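Novice: Structure for the following, please:
(2 chains)
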Amino acid sequence: MTMTEKNGLTIFEIKNLLAKFVEDSLLKAKENKEIEFNVGILPKILFEQPKDKKFGDLATNFAIDFARKTKIASRKIAEIVIVFLKESNIKIISKIEVAGPGFLNFFLNYTELTKVLLDIENTHENYGCLDYFAGKSINVEFVSANPVGPLNIVNARAAAVGDCLCRLLTKAGYIQVVREYYINDAGNQIKIFGESVASRYKQALGVDVVFPENGYQGEYVKDIANWIKETYNDKYLSFSQEEQASILGKLASLRIIEEQKSELKNFGVEFDVWFSEKTLHTVNKVKDTLDLLKTKECVYEKDNAIWLKTTQFGDDKDRVLVKENGDWTYFLVDIAYHIDKFKRGFNTLLDIWGPDHHGHIIRMKSAMSSLGIDPSSLVVLIAQQVNLIHEGEVLAMSKRAGKFITMKELVDEVGADVVKYFFIMKSLDAHFDFDIELAKKHSDENPVYYIQYAFARICSILRNSKESVVADLSAKNISEVNLVLLKEEEEHELIFKLASFPELILNSAIFYAPHWLPKYLEELASIFHRFYTECKVLSDDKDLTLARLLLVSSTKTVIKNGLDLMGISTPEKM
RNA sequence: GCGCCCGUAGCUCAGUUGGAUAGAGCAAUUGAUUUCUAAUCAAUUGGCCGGAGGUUCGAAUCCUCUCGGGCGCACCA
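Specialist: So this is what the prediction gives:
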């Protein structure tokens, strides 16, 4: 539908509107000399949803905060302001009260608020889309596992959360969101991995060799070696040890990358860019970065190595860029990588790193500062560790020792929807104990099914409505629906929640907090289930049925939009 | 020793800017189905927000100290 007029207001818009009215009221009070203050100290008017209904739908405590600056009693400020507010006759508000030490409580006019349902119907999958980050672009780098083994459960966490975050950022208005996977295919680990594969390859061909002491033990290494044997036979047997490690390592890691891609795709996560660390070396980007750093006076030589003065930005010691033997450090290469990303024109770089990398944040930001890049345009989120709990015990996992559960195993065992939901619902900061038995055992009472069930129930209602005498909603001009009929408490709660959706998107995107989304959807589903129990949608009262169908249809849209943001399916029947 | 993250109900965790009586799910107990899907709803039980000070009208939230758990502190990646 194009050129749709907006009918109602979302909660976010209402808050902005009210903030403006409060501010205007304060200024009028100042004009009337009822309150004296400098315009510069005008407070930011923030609203919250009181827990207790008797305090209204929205409340602000600005007067209490403002009282400190003006030395006027907070209650008095509120009482002066409320007079002007009442004179303003704000359409969306039915009642305003001063309460407690100076809270200003607003009660919404639900006849007005309900009009938002028309907007939800009109905008549909675009409901919740914002233009907050209009014109901005962001690069989100996540997972980025070394190509030396299958993806593990921490990678699964990063994949689920990173992908959801990207969808949220897109919805919040970024013009470009690039999902990027950095392949560490040039380091020491690759070398060790190559030696491991070469060793297994020779063993597979019946050669008696000693497996490297620090090699990768996992069974998958043997599988890959066997694959190479089957594909190339003894072609590489005559090569030198070094060549074998290099060539077979490359073959093996390419294969692993392909497997990672397909496992991620199977999980529903696809990357726009697979960036190979090697390309930084081949086109001199590391050297260029080093040269650039050298011009910045924050680089010095000591003990035959080249150092970056990260201490001037708060690091506890300076860091080496070029080793005594002339090799570049991982740190320098990583700086070059980030410079490369910035050069591609992104306003913001977002990295999701593992917990063992938190010490690198200050270093990387130091490097950016040294190069004159605003360090706040690099955002690093740390995905805390995941413990897999099996029969009450924490499973110790090590890729080197080949003892770990892969992302694929977890997804096969528990299901992609549940895995995604479990990971997204936790704050990234939180350490996470993932109890496999619990996830499987309680899968029927899982929150994800709770939400999906609400969706399925709505689909069922809509199916039934088409068979009844009640006219199909889409066949009617929805603006003819009599919204006043939606007056039950459950209906109002549902409408309020639906109207809050865009604000949730905004906050989740601004604070990079995707875990607020599943919480919102659980609350929404809960309100819907209660509504379902209390209010019959399909009845002989055609007008009421139509109004409730509109409400239910809007709920369906919001649940769908929400689950889509998490990459979780929306079954129409359960 | 220094730094980062965590500590909230029996378990797993929310708590956005300091707000009004600390929340949800699971587990436990009880009730609800001639009615659009009971994978649901309603109700009950469950808390010194790790501890101690401080800041203020007001603290789970901010500051200081402290105790537990995890992870870093390489010329490894």
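Novice: Return the mean pLDDT over the helix or strand hosting residue A:533, rounded to an integer.
Specialist: In this structure, residue A:533 sits in helix A:516-534 according to DSSP states H and E. When pLDDT is averaged along helix A:516-534, the result is 95.
Novice: Only the buried residues of that helix, if you could.
Specialist: Applying a neighbour-count criterion of 16 or more other Cβ atoms under 10 Å, one finds A:516-518, A:520-522, A:524-528, A:531-532 buried in helix A:516-534. In this view, the C-beta of every residue, glycine as well, is placed from N, C-alpha and C.
Novice: cool, stretch A:298-313 as well?
Specialist: Using 16+ other Cβ under 10 Å as the test for burial, stretch A:298-313 gives A:298-299, A:305-310, A:313.
Novice: Flag every residue of the stretch 451-574 of chain A that's near RNA strand B.
Specialist: For the stretch 451-574 of chain A, the contact set with RNA strand B under Cβ under 7 Å from any atom of the strand comprises A:453, A:456-457, A:459-461, A:464, A:507, A:511, A:513, A:515-516, A:519, A:522, A:526, A:529-530, A:532-533, A:535-538, A:572-574.
Novice: picking that back up, which secondary structure elements does the helix holding residue A:533 contact?
Specialist: helix A:416-425, helix A:447-467, helix A:489-499, helix A:501-510, helix A:542-566 (3 or more Cβ pairs under 8 Å, 6 or more residues apart in numbering; DSSP states H and E).
Novice: Relative to residue A:197, which of those is closest?
Specialist: With Cβ to Cβ, the closest approach to residue A:197 among those belongs to helix A:416-425: 29.4 Å.
Novice: helix/strand/coil for the residue nearest to the spatial centre of chain A?
Specialist: Residue closest to the mean C-alpha point of chain A, counted by Cα atoms, centre = their mean, is residue A:165 at 2.4 Å. Following DSSP: H, G, I helix; E, B strand; the rest coil, we place residue A:165 in the helix state.
Novice: ok, now which ones touch it?
Specialist: A:140, A:350, A:512, A:514 (Cβ atoms under 8 Å, 6 or more residues apart in numbering).
Novice: Using a markdown table, lay out these together with secondary structure and neighbour count.
Specialist: Shown next, in a markdown table, are the contacts of residue A:165 (DSSP: H, G, I helix; E, B strand; the rest coil; neighbours: other Cβ atoms under 10 Å):
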| residue | secondary structure | neighbour count |
| --- | --- | --- |
| A:140 | strand | 25 |
| A:350 | strand | 22 |
| A:512 | coil | 16 |
| A:514 | coil | 27 |
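Novice: Now flag whichever of the residues you listed is closest to RNA strand B.
Specialist: Nearest to RNA strand B, judged by Cβ to the nearest atom of the strand, of those is residue A:514 at 10.4 Å.
Novice: How about the contacts made by the closest one?
Specialist: Per Cβ under 8 Å, 6+ apart, neighbours of residue A:514: A:161, A:164-165, A:168, A:424, A:508, A:566.
Novice: pLDDT score assigned to the closest residue to RNA strand B within chain A?
Specialist: Proximity of chain A to RNA strand B (Cβ to the nearest atom of the strand) peaks at residue A:187, 1.9 Å away. pLDDT, residue A:187: 81.
Novice: Write out the residues of the stretch 1-150 of chain A neighbouring RNA strand B.
Specialist: A:46-48, A:50-52, A:54-56, A:59, A:61, A:64-65, A:68, A:99-101, A:103, A:105, A:146.
Novice: Can you say which of these are buried?
Specialist: For those, a burial check counting by 16+ other Cβ under 10 Å picks out A:47, A:50, A:55-56, A:59, A:61, A:64-65, A:103, A:105, A:146.
Novice: if we take the residues you listed, which one ends up nearest to residue A:201?
Specialist: Lowest distance from residue A:201 to those (Cβ to Cβ) belongs to residue A:146, with 19.9 Å.
Novice: My guess is the closest one contacts residue A:184. True?
Specialist: Yes: Residue A:146 is within contact range of residue A:184, at 4.8 Å (criterion: Cβ atoms under 8 Å).
Novice: Pull up the overlap in contacts between those two.
Specialist: Residues touching both residue A:146 and residue A:184 (Cβ under 8 Å, 6+ apart): residue A:190.
Novice: For residue A:256, list the residues it contacts.
Specialist: Neighbour list for residue A:256: A:147-150, A:224 [criterion: Cβ under 8 Å, 6+ apart].
Novice: nearest to residue A:177, of these?
Specialist: When these are ranked by distance to residue A:177 (Cβ to Cβ), residue A:147 comes first, at 24.3 Å.
Novice: Looks to me like that closest one is in a helix.
Specialist: No: using three-state DSSP, the assignment for residue A:147 is coil, not a helix.
Novice: Can you name the residues that contact the residue lying closest to it once chain neighbours are set aside?
Specialist: Closest residue to residue A:147 apart from its sequence neighbours, by Cβ to Cβ, 6 or more residues apart in numbering: residue A:253 at 3.9 Å. Counting by Cβ under 8 Å, 6+ apart, residue A:253 makes contact with A:147-148, A:185, A:190, A:193.
Novice: try residue A:112
Specialist: Applying Cβ under 8 Å, 6+ apart to residue A:112 gives the contacts A:8-9, A:91-92.
Novice: okay, those residues in TSV with neighbour count, distance to residue A:197 and secondary structure next?
Specialist: Formatted as TSV, the contacts of residue A:112 follow (neighbours: other Cβ atoms under 10 Å; distance: Cβ to Cβ, whole Å; DSSP: H, G, I helix; E, B strand; the rest coil):
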residue	neighbour count	distance to residue A:197	secondary structure
A:8	19	62	coil
A:9	20	61	coil
A:91	11	70	coil
A:92	20	66	coil
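Novice: Pull the most distant pair out of those residues.
Specialist: Maximum pairwise distance among the contacts of residue A:112 (Cβ to Cβ): 10.6 Å, between A:8 and A:91.
Novice: Low-confidence regions, the stretch 101-250 of chain A specifically.
Specialist: By pLDDT under 70, the stretch 101-250 of chain A has no low-scoring segment.
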